[in-house]
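> return a 3D structure for these sequence lines:
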Amino acid sequence: MTLRSASQIMIRLVAVAVCAVSTWQCSFGLADEAAPESKPAVEKSSKKPEPRKELFAGTVVLLQDALKKRDIKVADEMKLQAVLETKSGELIPIAADWRGRAFFQDKKLRDRPVEIVGYRRPGIPYLQALVVYYFNKKGEREEFDYWCDICAIPMYEIKDCECCQGPSRHRYRRAKLPDYLFRQDTAMKPSSKSQARSVDKPSSEKKLAP
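Have a look, this model is predicted:
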């Protein structure tokens with residue numbers, strides 16, 4: 001046997017031994033213990049906390065008219081901005097989104113007592129409406145939306161029915177305030193002292209005069 005042949009045999013024996021040891025470690029789970037455990041990356045939640053929903057009460061008016069009563073003259077560019085005028089005189093601008101847009105379009109929704117369930121995001125003055133209530137002659141709270149009698153579907157802005165293209169009408173239904181207003185943590189401070197009416201228990205609801 002030559003020296004070269006002996007070296008080749010030795011290399012093969014070492015390779016076989018290493019393979020056998022690896023197989024034994026895998027069988028008993030030793031390889032996993034030796035290897036560093038790869039922990040999945042913890043994803044940071046990008047979901048922002050939902051804004052606190054509150055009950056806003058007052059009368060919806062056009063901003064230009066409200067400012068005129070306060071001796072502030074503005075250009076016509078502001079004449080279509082709808083705002084909620086609270087009992088304390090605060091003017092809260094309404095966002096013309098899916099629910100608030102109707103206040104800009106439909107003059108029948110303005111200049112009358114209204115309650116709006118909605119929210120304002122931190123640093124943003126605009127009120128985003130979720131539910132709108134008016135009051136009948138008896139002072140009973142009624143939820144408002146637009147309604148198609150043919151297709152029996154609600155809508156939230158003044159327009160023809162999205163389904164049959166027929167006319168829609170104002171619909172008023174006797175309603176209570178949403179339960180989530182009462183389930184919210186009452187210890188949380190509202191975003192403004194005058195912007196929202198305090199709500200504690202359903203039994204303590206006060207009715208506004210029509």
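> domains in this structure, by residue range?
According to the domain assignment given by automatic domain parsing, the chain is divided into the following structural domains: 3-34, 54-204.
> quick one, strands of this structure?
With DSSP state E, the ranges of strands along the chain come out as 54-62, 82-85, 91-93, 113-119, 128-135, 141-148, 153-155, 169-174.
> so which of those strands gets nearest residue 103?
Distances from residue 103 to each of the strands of the chain were compared by Cβ to Cβ, and the smallest falls on strand 82-85, at 4.0 Å. Every C-beta, even on glycine, is put in place using the N, C-alpha and C of the backbone.
> how about that closest one as PDB, C-alpha atoms only?
The C-alpha atoms that make up strand 82-85 are tabulated as PDB, following Å, rounded to 0.1, in the frame of the first residue of the first chain:
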ATOM      1  CA  ALA A  82     -71.200  72.900   6.800                       C
ATOM      2  CA  VAL A  83     -70.500  73.200  10.500                       C
ATOM      3  CA  LEU A  84     -72.200  72.100  13.700                       C
ATOM      4  CA  GLU A  85     -73.000  75.000  16.000                       C
END
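> so what strands line up beside that strand?
Each strand that strand 82-85 pairs with, and the sense of that pairing, follows from DSSP bridges: strand 54-62 (antiparallel), strand 91-93 (antiparallel).
> show residues contacting that strand.
Defining contact as Cβ atoms under 8 Å, 6 or more residues apart in numbering, one finds that strand 82-85 is touched by 56, 58-63, 66, 91-94, 96, 100, 103-104, 110, 114, 116, 127.
> got a markdown table for the domains of the chain, with mean neighbour count and mean pLDDT too?
Shown next, in a markdown table, are these (neighbours: other Cβ atoms under 10 Å; pLDDT from 0 to 100):
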| stretch | mean neighbour count | mean pLDDT |
| --- | --- | --- |
| domain 3-34 | 10 | 47 |
| domain 54-204 | 15 | 89 |
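> dump the ones you listed to TSV, plus distance to residue 48.
Shown next, in TSV, are the domains of the chain (distance: least, Cβ to Cβ, whole Å):
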stretch	distance to residue 48
domain 3-34	40
domain 54-204	9
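> now do the helices in the protein.
Along the chain, the segments classed as helices by DSSP state H run 3-28, 30-34, 63-69, 101-105, 180-183.
> still on that earlier bit, of the strands of the chain, which is nearest residue 70?
Nearest to residue 70 among the strands of the chain is strand 91-93 (8.7 Å), distances taken as Cβ to Cβ.
> okay then, goodbye and thanks.
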